[in-house]
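Novice: Let me see the structure of the following:
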Amino acid sequence: MFLLGVTIVEVMKYIGYFLGAIVCLMIMIMVHELGHYTAGKILKFKINEFAIGFGPKIFSRTNKQTGEVFSVRALPLGGFCQFAGEDLEAVQEGDFNSKKPWQRIIVLVSGVLFNYIFAIIFLSIFFMGYGEVNRVVGKVYDFKADGETAIVQQFQPDDIILKIDGKNAYALLNDNFAALLKGKDEMVVTINRNGEIIDLNVKKGLVEKIVVDENGNEVDASYKGLGIELSGEKIHLVKLPFFQAIGHSFVFGKDVIAVSLRAIGSIFTGGAKIGDTLGGTFTAISMLATLTSGGFFAIVYGLGIFSISLAFMNILPLPALDGAKVVFCLIEWIAGKPVNRKVEGVIHAVGLLLLLALTITLDLVHFLG
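Specialist: Residues are numbered from 1 along each chain as shown. Modelled structure (predicted):
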C-alpha cells in the first residue's frame, strides 16, 4: 500500500527512527539526573522525586524507607531530580539549602560530570569498534603562476588529512576542517601518504578550475585555496586500541566543545545564522533520528556527541541551568550569605520560561527557515 508515494513500511521505519531518537534523548537526560541523584545520596540530601519526562504521571512508585518517589511522566522530553526545599530556606536537615555551598556545587555539577563520563565511554566504544574517521584527498588542482614563481602543488590523490597546524582535522566534525583553514594563507598539514606520516608546509594560491555552466559554456572558476578537493566517497578509518581510544575520546570531546564555542561565537560576529547553528529539543530529536538510521555505531557516536553537548549547555551560567545555580552557590560561599531565595527562584523561573521560548523559536527557525 502507498501513501503519497511513501510505503507503509517506510513510514513505520521513520516512526521507528523517531522513537529511537526519543529513547536516546531520554537516556542522556536520565544519565544527567542520575548524576545529581547519586551525588545527593552520597552527601545525604533529601530527595523528593526522580522523574523521567514531564507532565502527568503515568507510573509512580514510592520508596517506603526514604519517601522518594520514582515516576515516569507523559512527555518524554526531559526529566528531573527534585531535592527537598531546593528553592526555599532550609526547614530541616537534608533540605537542599541546609547543605554547605560546596556540597550543593558538587551535586549541581555531577549531572554534567555524568554526561561527560557517559560521552567518553560511548566515544571510546565508537573509536574501538568503528574507528577514527579522516578525510581523503580526491582531486588535486594545479596553481596558476603568481609573478615569477608558481606555488608547487604538494598534495597527491589519496593523501589522508590528519592535522592542520597540529590540530586534528576530524571528518566527523563537519565544520572543523573548514574552520582550521579559515583566515590562514600558510599552514602545516600533516598527512598519511601510503602509511608514511608527512608534514607539508603549504600555502594557498590561485587554483585553476574550469566549470561548465547551465548553457554548456566553460567558465573560469579559479579561486584561492589549497588546490584540493576532498573525496566524497573515500574516508580513512583507524580502529584504536582500548587505552588509546579512551585518551582520544577526551581530545575529541575537547574539540567538540571548541567547535560549539566557535559556532556560538560566529552568531555574534555575523559569521552564521542562529538557525544554522543552534537548535531546540525537536531539532536535537531530528538529528538523533538521522543518526539512528545509520546503525549501531552511528547511534553510539550520536550518544557521545549529544552527551557532551548536553553537559556543555548545562554548565553555561544561564538562569535555570546548573551553571547559574553554581554561580549562586559561589556567591553565597564567598559572601557568607545567600542571595534572597525568592529572588533566586524568580530568576530561575523566568530563565526557564525564556529558555523554553528560545528552544521553541530555534526549532521553528530550523524547520521553517
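Novice: and residue 254, how many residues sit next to it?
Specialist: 12 (other C-beta atoms under 10 Å). The way it works is simple: take the backbone N, C-alpha and C, and place the C-beta from them, glycine included.
Novice: partners of the closest residue to residue 162 other than its chain neighbours in the sheet?
Specialist: With sequence-adjacent residues excluded and distances taken as C-beta to C-beta, 6 or more residues apart in numbering, residue 162 is closest to residue 190, at 4.5 Å. Here residue 190 shows beta-bridge partners residue 163, residue 199, assigned using DSSP bridges.
Novice: wait, isn't residue 190 in contact with residue 201?
Specialist: No. Counting by C-beta atoms under 8 Å, residue 190 does not reach residue 201; the two are 10.9 Å apart.
Novice: and the two? which has more neighbours close in?
Specialist: In this view residue 190 and residue 201 are compared by other C-beta under 10 Å, and residue 190 has more residues nearby, 18 against 9.
Novice: What separation do you get for that one and residue 351?
Specialist: Relative to residue 351, residue 190 is positioned 44 Å away (C-beta to C-beta, to the nearest Å).
Novice: and the host helix or strand of residue 243, what other elements does it pack with?
Specialist: Residue 243 belongs to helix 242-269 when assigned by DSSP states H and E. When contacts are defined as 3 or more C-beta pairs under 8 Å, 6 or more residues apart in numbering; DSSP states H and E, helix 242-269 packs onto helix 101-129, strand 167-168, helix 176-181, helix 274-277, helix 296-314.
Novice: okay if I get these as TSV plus mean pLDDT?
Specialist: Formatted as TSV, the helices and strands packed on helix 242-269 follow (pLDDT from 0 to 100):
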stretch	mean pLDDT
helix 101-129	95
strand 167-168	82
helix 176-181	72
helix 274-277	50
helix 296-314	87
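Novice: which stretch among those comes nearest residue 24?
Specialist: Set against residue 24 and scored by C-beta to C-beta, the helices and strands packed on helix 242-269 come closest in helix 296-314, at 5.9 Å.
Novice: next SSE after that closest one?
Specialist: In the C-terminal direction, the helix or strand that comes right after helix 296-314 (DSSP H and E) is helix 322-335.
Novice: List the residues that contact residue 253.
Specialist: Residue 253 makes contact with 116, 119-120, 123, 308 under the criterion C-beta atoms under 8 Å, 6 or more residues apart in numbering.
Novice: Can you tell me how far it is from residue 260?
Specialist: Applying C-beta to C-beta, the value for residue 253 to residue 260 is 11 Å.
Novice: Which helix in this structure has the most residues?
Specialist: Determined from DSSP state H, the single longest helix within the chain is helix 8-42.
Novice: That one packs against which elements?
Specialist: So helix 8-42, by 3+ C-beta pairs under 8 Å, 6+ apart, packs with strand 47-62, strand 69-83, helix 101-129, helix 281-292, helix 296-314.
Novice: Now do the helix or strand following the longest one: everything it contacts.
Specialist: Read it as helix 101-129. Counting by DSSP H and E, the next helix or strand C-terminal to helix 101-129 is strand 132-140. Applying C-beta under 8 Å, 6+ apart, the contact partners of strand 132-140 are 153, 155-162, 169-172, 177, 191-192, 227-238, 240, 248.
Novice: at 7 Å what do you get?
Specialist: Residues from elsewhere that reach strand 132-140 (C-beta atoms under 7 Å, 6 or more residues apart in numbering): 153, 155-162, 169, 171-172, 177, 227-232, 234-238, 240, 248.
Novice: Could you identify the buried members of those?
Specialist: Among the contacts of strand 132-140, those scoring as buried are 153, 155, 158-162, 169, 171-172, 177, 227-228, 236, 240, 248 (criterion: 16 or more other C-beta atoms under 10 Å).
Novice: Among the residues you listed, find me the one that's closest to residue 29.
Specialist: Residue 29 has its nearest neighbour among the buried ones among the contacts of strand 132-140 in residue 172, at 23.3 Å by C-beta to C-beta.
Novice: does the closest residue in space to that closest one that isn't next to it in sequence have beta-bridge partners, and which?
Specialist: Closest residue to residue 172 apart from its sequence neighbours, by C-beta to C-beta, 6+ apart: residue 133 at 5.3 Å. When bridges are called by DSSP bridges, residue 133 pairs up with residue 237.
Novice: Next, the contact list for the residue nearest the centre of the chain, please.
Specialist: Nearest to the geometric centre of the chain sits residue 309, at 3.3 Å (C-alpha atoms, centre = their mean). Shown in contact with residue 309 (C-beta under 7 Å, 6+ apart): residue 260.
Novice: any idea how far residue 94 is from it?
Specialist: Distance of residue 309 to residue 94, given as C-beta to C-beta: 33 Å.
Novice: before we move on, the earlier item: neighbours of the residue nearest to residue 172, how many?
Specialist: Close neighbours of residue 133, defined as other C-beta under 10 Å, add up to 16.
Novice: Give me the pLDDT for it.
Specialist: What the model reports as pLDDT for residue 133 is 83.
Novice: Residue 56 reaches residue 71, doesn't it?
Specialist: No. Look at residue 56 against residue 71 with C-beta atoms under 7 Å: they stay out of range, at 9.8 Å.
Novice: More neighbours: the two, which one.
Specialist: Neighbours were counted for residue 56 and for residue 71 using other C-beta under 10 Å; residue 71 has more, 19 against 9.
Novice: Confirm for me that that one is in contact with residue 57.
Specialist: Yes. Using C-beta under 7 Å, residue 71 makes contact with residue 57 at a distance of 4.9 Å.
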